[in-house]
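# fold the stuff below for me.
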Amino acid sequence: MKQELIVTRYKLHSCSSYIRKDIRIALVADLHDRKPDELLFLLRKEPVDFILAAGDLMERREEGVSEWTEEAMQEWQGTKGKWPVSDFLANAADAAAGWLFPAERQERSWSEENGRYFLREASKVAPVYLGVGNHEWYYLPKDYEVMQKCHIRLLDNKDVVAEREAAAGKGCILIGGLSTRYDLEWLKRFSRKEGYKILICHHPEYYLRFIKGTRYDNFDLIVSGHSHGGQWRIGGRGVYAPGQGMFSKYAYGIHNTAKGAHDGKLIVSAGCVNTVNVPRWGNPCELVIIEMKAGRLD
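Numbers count the residues shown, from 1 in each chain. As a prediction, this is how the structure comes out:
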């Protein structure tokens with residue numbers, strides 16, 4: 001059962017003095033080293049200024065390769081033993097579906113080369129800014145080689161000036177990445193910087209946990225993934241999102257978070273591929289295109 005891949009478009013308006021012209025952003029999340037051919041086909045048709053990869057572009061989580069383990073990563077995420085019933089049901093459904101939907105299981109095949117191939121090709125479309133997700137415990141030497149050769153900006157608790165802005169000498173758009181293994185001191189420093197601040201944060205629940213309602217809620221745009229849209233959508237909500245549990249409103253979509261005169265934006269991608277045996281229902285895989293209009297709404 002082939003999963004549909006669509007283009008989801010969001011139009012935002014910014015009154016920030018740092019946004020002097022309209023910009024277009026591509027948001028890619030949760031490729032998980034699956035074949036990116038269809039994704040690249042859609043991406044090449046979009047004239048974008050830069051590409052934000054919101055984590056789990058690759059699968060790098062083999063035990064023994066680095067110091068990290070599944071248990072340690074769950075502790076970072078605060079999910080260890082938190083939703084035992086939901087996790088059990090999700091795993092049981094995936095196991096059962098592997099038998100019921102053999103074609104779905106076949107589509108899940110992956111290769112370490114797929115993520116690297118995507119980075120090489122995507123970098124020909126626009127500058128790529130790469131966030132770190134919970135399936136990226138480490139990177140391989142070949143990964144770093146491609147990143148360096150293709151000028152991929154790896155944002156592992158780090159921020160940079162957007163490449164085309166830096167070339168123009170403006171320095172008005174800043175892009176940072178909060179990793180699964182988060183550095184909150186860096187996050188605080190980044191939140192205080194001057195400029196239009198975009199935060200790549202793989203986990204939408206990190207926004208709720210560390211940012212929303214705090215004095216660090218100063219980001220102009222936050223982009224996330226991780227939740228895969230909740231797998232199934234019922235009543236407009238995803239059924240299950242890791243780190244959020246059942247029927248969370250932050251499984252996908254755009255969320256306005258008003259704070260005084262500031263209107264922040266959180267956009268959660270439903271992900272580019274299906275990574276479990278359970279077919280998606282009412283929840284297509286997606287490439288997200290964000291059109292940012294400069295100036296006030298008429």
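# and the gap between the residue nearest the centre of the chain and Leu221?
Residue closest to the average C-alpha location in the chain (CA atoms, centre = their mean): Ala54, at 2.4 Å. To Leu221, Ala54 is 11 Å away according to CB to CB, to the nearest Å. (C-beta placed from N, C-alpha, C; glycine too.)
# run the chain-centre distance for stretch 28-35.
Put simply, stretch 28-35 sits 10 Å off its chain's centre (CA atoms, centre = their mean, to the nearest Å).
# my error: substitute stretch 270-282 in the last question.
How far stretch 270-282 lies from its chain's middle: 15 Å, per CA atoms, centre = their mean.
# flag every buried residue along that stretch.
Across stretch 270-282, burial judged by 16 or more other CB atoms under 10 Å covers Ala270, Gly271, Cys272, Val273, Asn274, Thr275, Val276, Asn277, Val278, Pro279, Arg280.
# ok, the residue nearest to the centre of the chain touching Ala26?
No: using CB atoms under 8 Å as the test, Ala54 is too far from Ala26 to be in contact (10.8 Å).
# before we move on, the earlier item: so of the buried residues of stretch 270-282, which ones are in helices?
Residues of those located in helices (DSSP state H): none.
# and which of the residues you listed is nearest to His255?
Ala270 (13.6 Å; CB to CB).
# phi, psi of that closest one?
Per-residue torsions, Ala270: phi -80, psi 0 (degrees, to the nearest 10).
# list the contacts for it?
Contacts of Ala270 were listed using CB atoms under 8 Å, 6 or more residues apart in numbering, and they are Thr8, Ser227, His228, Gly229, Gly230, Ala251, Tyr252, Asn283, Pro284, Cys285, Glu286.
# mind checking which of the residues you listed are in strands?
Those of the contacts of Ala270 mapping onto strands are Thr8, Cys285, Glu286, per DSSP state E.
# would Gln74 count as being in a helix?
Yes: assessed with DSSP: H, G, I helix; E, B strand; the rest coil, Gln74 lies in a helix.
# Asp143 versus Glu286, what's the distance?
Distance of Glu286 to Asp143, computed by CB to CB: 25 Å.
# Leu31 now?
Taken as CB to CB, the span from Leu31 to Asp143 is 13 Å.
# common neighbours of the two, please.
Contacts common to Leu31 and Asp143, judged by CB under 8 Å, 6+ apart, are Met58, Gly115.
# neighbour-wise, which of the two wins?
Between Leu31 and Asp143, counted using other CB atoms under 10 Å, the more crowded position is Leu31 (26 against 21).
# give the helix, strand or coil label for the more buried one.
Leu31 - assigned by three-state DSSP - is coil.
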